[in-house]
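Trainee: just the structure for this:
(one chain, ligands or ions: 1)
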Amino acid sequence: MLDPAQGIHAPNSDPAALAEHIRPLIAGNWKMHGMAPQLSEIEAVAASVKATPPPADVLICLPATLITRAVQTAAGRFAIGGENCSAQISGSFTGDLSAEMLKDAGARAVIVGHSERRQYHGETDAIVAAKAKAARRAGLLAIICIGETNAQRLAGKALSVCAEQIAGSVPDGMTASGTAIGYEPLWAIGSGHMPTPEQIIEMHTHIRQCLTHCLGAEGKKLRILYGGSVKSSNARAILALPEVGGVLVGGASLKAADFLAICGATPVSA
Ligand code: 13P
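Mentor: Below you'll find the model as predicted:
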């Protein structure tokens, strides 16, 4: 569970231990799905996490309309997050929500720069970086998303595209306890197509190098999540890769049974 007192690495706060092993984060992203009846899924996740705590931090990011009720329903068994925030604190920005408002509603984390925000709302790296700073300002975990398109991968540009996105979207001074990277190749999102383990290892190793370059020691520790068509059937193999610090799950996070099976696929050594 995300521990507000100790950041995201609650049970493993010894920095030396942390360098050797990072407790995974299993994060769901409901996208634009979910109304009151679906709170029963949150209730089921909370009951299971209470009965059988997984060896991972658990988070579900929800539409803002559900956050307050979901926080009550989750009853502290796992964390609830938002899917987007404004870079501003408050003001005349009709329809926007600040990171502080998400925090006030009980959220502990926020996704910024999801490819669907970049694609449909024109969010640039600079906008994503401003949102990540807003998350830090509010004390939320920022899950900063990056990832290449199929055309970019086919052109041999996957590594350079992601390096550029990290350089532009990850502000200076972000910490391991306040930040995670979501690597989500666009061609894997909702498609059922997955990168090979070798491709995931190559990219996560590359992202680690980029993070260490821009954040120093903190960059060595922060979690790099894989996202894109994660299901209960493939989660065990993905989470077994030591380069993978967790997963960001779309469709398979909507049903408690599917999401819990993914939580249960975390290696026990974690
Ligand atoms: P899917 O798991 O449905 O492919 O979605 C991935 C995603 O975009 C999570 O943020």
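Trainee: use CA for all of it now, contacts and neighbours both
Mentor: OK.
Trainee: count of neighbours near Arg69?
Mentor: 16 (other C-alpha atoms under 10 Å).
Trainee: same deal with Gly91?
Mentor: As a measure of burial, Gly91 has 8 neighbours, counting by other C-alpha under 10 Å.
Trainee: please tell me how far the spatially closest residue to Gly178 that is not a sequence neighbour sits from the ligand.
Mentor: The shortest distance from Gly178 to any non-neighbouring residue, by C-alpha to C-alpha, 6 or more residues apart in numbering, is to Leu141 (4.5 Å). Distance, Leu141 to the ligand, by C-alpha to the nearest ligand atom, to the nearest Å: 15 Å.
Trainee: shouldn't Thr68 be in contact with Gly106?
Mentor: Yes: using C-alpha atoms under 8 Å, Thr68 is in contact with Gly106, at 6.2 Å.
Trainee: before we move on, the earlier item: give the bridge partners for the residue nearest to Gly178, please.
Mentor: The residues listed as beta-bridge partners of Leu141 by DSSP bridges are Ala109.
Trainee: just how off-centre is the longest helix along the chain within its chain?
Mentor: Counting residues, the longest helix found in the chain (DSSP state H) is helix 197-215. Here helix 197-215 is found 16 Å from its chain centre; the criterion is C-alpha atoms, centre = their mean, to the nearest Å.
Trainee: next helix or strand past that helix?
Mentor: helix 217-221 (DSSP states H and E).
Trainee: returning to what we had before: can you give me the buried ones in the longest helix of the chain?
Mentor: 200-201, 203-204, 206-212, 214-215 (16 or more other C-alpha atoms under 10 Å).
Trainee: and stretch 223-242, by the same measure?
Mentor: For stretch 223-242, by 16+ other C-alpha under 10 Å, it's 223-232, 235-236, 238-241.
Trainee: now do stretch 134-152
Mentor: 134-136, 138-149.
Trainee: with stretch 70-84 instead?
Mentor: Ala70, Val71, Thr73, Ala74, Arg77, Phe78, Ala79, Ile80, Gly81, Gly82, Glu83, Asn84.
Trainee: stretch 169-185 now?
Mentor: Neighbour-count burial for stretch 169-185 flags 169-171, 174-185 (criterion: 16+ other C-alpha under 10 Å).
Trainee: so which bits of this protein are right by the ligand?
Mentor: Residues of the chain lying near the ligand by C-alpha under 6 Å from any ligand atom: Asn29, Ile189, Gly190, Gly227, Gly228, Ser229, Val230, Leu248, Val249, Gly250, Gly251.
Trainee: give me that answer again for 8 Å
Mentor: By C-alpha under 8 Å from any ligand atom, the residues of the chain that approach the ligand are 28-31, 114-116, 182, 184, 186, 188-192, 227-231, 248-253.
Trainee: now the buried members of those.
Mentor: Buried, going by 16+ other C-alpha under 10 Å: 28-31, 114-115, 182, 184, 186, 188-190, 227-231, 248-253, out of the residues of the chain next to the ligand.
Trainee: ok, Arg236 touching Pro267?
Mentor: Yes: between Arg236 and Pro267 there is a contact under C-alpha under 8 Å: 7.4 Å.
Trainee: how close does Thr65 get to the ligand?
Mentor: From Thr65 to the ligand the distance is 18 Å (C-alpha to the nearest ligand atom).
Trainee: and that residue, how far from Gln72?
Mentor: For Thr65, the distance to Gln72 equals 13 Å [C-alpha to C-alpha, to the nearest Å].
Trainee: this completes my enquiry, with thanks.
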